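# Sequence and predicted structure are below.
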There are 2 protein chains.
Amino acid sequence: MAAQVTCQVRIMVGKGLGMGPGKAAMLKAIQATKSINAAGKQFGMSYRRAWLLVEEMNELFSSPLVVARRGGKGGGGAEITPLGLRVLDDYEKLMRVVSGSAEFRTISRLLAGRKGPRNG
Amino acid sequence: MAAQVTCQVRIMVGKGLGMGPGKAAMLKAIQATKSINAAGKQFGMSYRRAWLLVEEMNELFSSPLVVARRGGKGGGGAEITPLGLRVLDDYEKLMRVVSGSAEFRTISRLLAGRKGPRNG
DNA sequence: TAGCGTTATGTCCTTCGGAACATAACGAAA
DNA sequence: TTTCGTTATGTTCCGAAGGACATAACGCTA
């Protein structure tokens, strides 16, 4: 069984990560679960790490991608803002552009046809 | 001064990195310098690390992307194979596709217009 | 044959990202 | 006012990745 060949796109701000697969997945999961905690758990991620990702995203853009409230019904929750939705949509479109490109398919084919079995 | 917004593409094989910015840069530098050692130094990289990158690439594809010889005139050297050249070309084309896409420009603009100054 | 610069490879050490754990704040509902 | 689940934040610990250092192999050239 050959390991799957996939691609990732990272948007860098200076030397740091602005937007990537992890943050995008986090946005999507928050959109679905309305909770930072629940979203993080979908990836086997500690709440702390999930929250730090959200914090990072919110700091990076001119206005937050995620708003959260604590206390109250269900203990609290979170949801993505219109800006968050827009960024998420654009990122996913970009992923489709790359995944569907002839260049990716070419490299992918070359990588898939390698010799021995590898981990992963 | 706003930090520069750039993008990276990573081709993953299973959980591991198949081709990315570092390996592509390494390929390009070897092509230019005909030396793993000299190529690595261009990025302030130890010879060991540079060689490990090459080793990894050669193992990943069905045939090597880089061939090296030791001893002889100049102590030895390295160069990229036709397959290496092809992979490098395709990767660079893919980078241009992403960099030139409307989606990247959109996210880039949103990131560039953020609040406080950041490191990087 | 001695010298030189590069490839090839092993070992130790440091650094850093993330995991694990702990704790406080919050506000609706019972 | 007690309970509950979530957000918010600090501290400590560990493993993996990379850097530093050491050494051998190699083959042309002088």
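Nice, I can see it. In this text, all values refer to a predicted model and were calculated from it rather than measured experimentally.

# For burial, what's the neighbour tally of the residue of chain A found nearest DNA strand C?
Nearest to DNA strand C, among the residues of chain A, is residue A:71, at 2.2 Å (Cβ to the nearest atom of the strand). The C-beta positions use only the backbone N, C-alpha and C, and glycine is treated the same way. When neighbours are defined as other Cβ atoms under 10 Å in any protein chain shown, residue A:71 has 7 of them.

# Dihedrals phi and psi, it?
According to degrees, to the nearest 10, the main-chain angles of residue A:71 amount to phi 80, psi 170.

# same check, this time on residue A:101
The phi/psi pair for residue A:101 (degrees, to the nearest 10) reads phi -70, psi 150.

# which residues touch it?
The contact partners of residue A:101, by Cβ atoms under 8 Å, 6 or more residues apart in numbering or on different chains, come to B:94, B:97.

# Which residue lies nearest the spatial centre of chain A?
residue A:24 (2.3 Å; Cα atoms, centre = their mean).

# and it, what helix or strand is that in?
helix A:21-33 (DSSP states H and E).

# same deal with residue A:12?
strand A:5-13.

# pull the CA atoms of whichever helix or strand comes after that strand into CSV?
Heading C-terminal from strand A:5-13, the first helix or strand you meet, by DSSP H and E, is strand A:16-19. Output of strand A:16-19 as CSV, limited to C-alpha atoms (Å, rounded to 0.1, in the frame of the first residue of the first chain):
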residue,chain,number,x,y,z
GLY,A,16,5.8,33.0,11.2
LEU,A,17,2.8,31.0,10.0
GLY,A,18,-0.2,33.1,9.0
MET,A,19,-2.5,30.5,7.7
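
# Next, work out how far apart the residue of chain A closest to DNA strand C and DNA strand D are.
4 Å (Cβ to the nearest atom of the strand, to the nearest Å).

# Report the contact partners of the closest residue in space to residue A:91 that isn't next to it in sequence.
Spatially, and ignoring its direct neighbours in sequence, residue A:91 is nearest to residue A:24 (4.8 Å; Cβ to Cβ, 6 or more residues apart in numbering or on different chains). If you count contacts by Cβ under 8 Å, 6+ apart, residue A:24 has them with A:88, A:91-92, A:95.

# All set, thanks.
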